[in-house]
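> when you get a sec, could you give me coordinates for this:
(one chain, ligands or ions: 1)
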Amino acid sequence: MDVRVKICGLTQSDHVRAAVAAGASYCGFVFFGKSPRNVDPDTARALALEVPPGVIKVALTVDADDAFLDHLQATVPLDMLQLHGRESPGRVAELRSRYGLPVMKAIGIADAADLEQIDIYAQVADQLLIDAKPPKAAPLPGGNGLAFDWRLLAGRKFWPCPWMLAGGLTPDNVAEAAHMTGARQVDVSSGVERAPGTKDPALMSAFIKAAGGGAGRVAL
Ligand SMILES: O=C(O)c1ccccc1N[C@@H]1O[C@H](COP(=O)(O)O)[C@@H](O)[C@H]1O
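Below you'll find the model as predicted:
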C-alpha cells in the first residue's frame, strides 16, 4: 500500500500544482497569523481551487474561534479541519458537528506519557496527527522542523482511528520514519521548503518519492 502524503503550509498556486503532480494526497493551508505559512481565506480559496477532486484540502487552525471558522467555511472549499492548538475533546466534537467536516486533531509527543492523548482524542476525531510536542521556546505550536523519538510508536499494533506522522520529516528521513512507526500517512511542512513559508517543488517531489511514491487521489 502506498503511503499518503500531506504537504502542509502551501502558499502559492504553482506549489499546489507541483504537490499534486508529485502525488500528494492532502494539501494543507495554514491559518495562524504567527506562521510564515499563514494565508488569508481569500488567498486560500484561490489555492484550494487549484486542487483537483480526490486530493483533500485541509485547513490548519490553532484554537480558532467560531467567527473565524464560519468565515473560513463560507470562503474556502474545504474537505477537512486540522486542529493544532489546545482544543479540548469537547471542542473537537463541537467543531466536527458544527462544520460537518472530518476533523484531524494534532497530538504533541515528547515522551511515553503523551501517548495517552491518542486514545482520548481518537474518541472524537476522525484522524490524529502525531507530531513532535513543541518545546516551550518554540516559535510555533507546529511546523518547527522538530522530530520526536519515533521509537515511542514502534511496535504499536492497534490504532483506534487513522493517523498521520509529522514533525521534522524530510526527504532523507521519511522512509525510515514510516518504516519504524508503521505510518501509512505522513505530513511535512518545513522539510520541503527552500525558506520558511516557501515550498520547493524539487524537495516536495523528492519527499513523495522517498515516502514510496505517494498515493495521490484518495477517498476520505
Ligand atoms: O506549519 C506551520 O506553520 C504550523 C503552524 C502552526 C501549527 C502547525 C503547523 N504545522 C504543522 O506541523 C507539522 C510539522 O511541521 P514540520 O514538518 O516539522 O515543519 C506540519 O506537517 C503541519 O501539519
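
> hey, C-alpha coordinates of whichever strand or helix holds D187 in PDB?
Using DSSP states H and E, D187 maps to strand 185-188. The C-alpha trace of strand 185-188 is given here as PDB (Å, rounded to 0.1, in the frame of the first residue of the first chain):
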ATOM      1  CA  GLN A 185       0.300   8.600   6.100                       C
ATOM      2  CA  VAL A 186       2.900  11.400   6.600                       C
ATOM      3  CA  ASP A 187       2.700  15.100   6.900                       C
ATOM      4  CA  VAL A 188       5.500  17.600   6.100                       C
END
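
> roughly how far is it from the heart of the chain?
Centroid separation between strand 185-188 and its chain, computed with CA atoms, centre = their mean, to the nearest Å, is 7 Å.

> can you pull the contacts of the residue nearest in space to the middle of the chain?
In the chain, the C-alpha nearest the mean C-alpha coordinate belongs to D187, at 5.0 Å (CA atoms, centre = their mean). The neighbours of D187, taking CB atoms under 8 Å, 6 or more residues apart in numbering as the test, are 5-6, 8, 26, 28, 129, 131, 164-166, 169. Heads up, the C-betas are built off the backbone N, CA and C, glycines and all.

> bridged to it, which residues?
For D187, the beta-bridge assignment (DSSP bridges) gives partners K6.

> how close does it sit to the ligand?
For D187, the distance to the ligand equals 4 Å [CB to the nearest ligand atom, to the nearest Å].

> need the pLDDT of that residue.
The per-residue pLDDT reported for D187 equals 98.

> burial of A21, as a residue count?
For A21, the count of nearby residues is 13 (other CB atoms under 10 Å).

> please give the element, helix or strand, for it.
For A21, the element it lies in under DSSP H and E is helix 13-22.

> and that helix, what's buried?
Neighbour-count burial for helix 13-22 flags 15-20, 22 (criterion: 16 or more other CB atoms under 10 Å).

> which of these lies closest to the ligand?
Minimum distance to the ligand across the buried residues of helix 13-22 is 12.7 Å, recorded for A19 (CB to the nearest ligand atom).

> the closest one touches K6, doesn't it?
No - using CB atoms under 8 Å, A19 is not in contact with K6; the gap is 9.3 Å.

> between the two, what contacts are shared?
Common contact partners of A19 and K6 (CB under 8 Å, 6+ apart): C27.

> tell me the SS of G90?
For G90, the assignment made with DSSP: H, G, I helix; E, B strand; the rest coil gives helix.

> can you report how many residues lie near it?
If we define neighbours as other CB under 10 Å, then G90 has 9 of them.

> that one and D119: what is the separation?
G90 is 16 Å from D119, where distance means CB to CB, to the nearest Å.

> how close does the nearest residue to D63 once chain neighbours are set aside sit to D65?
Take D63 and drop its neighbours on the chain: the residue closest to it by CB to CB, 6 or more residues apart in numbering is G85, 3.5 Å away. For G85, the distance to D65 equals 11 Å [CB to CB].
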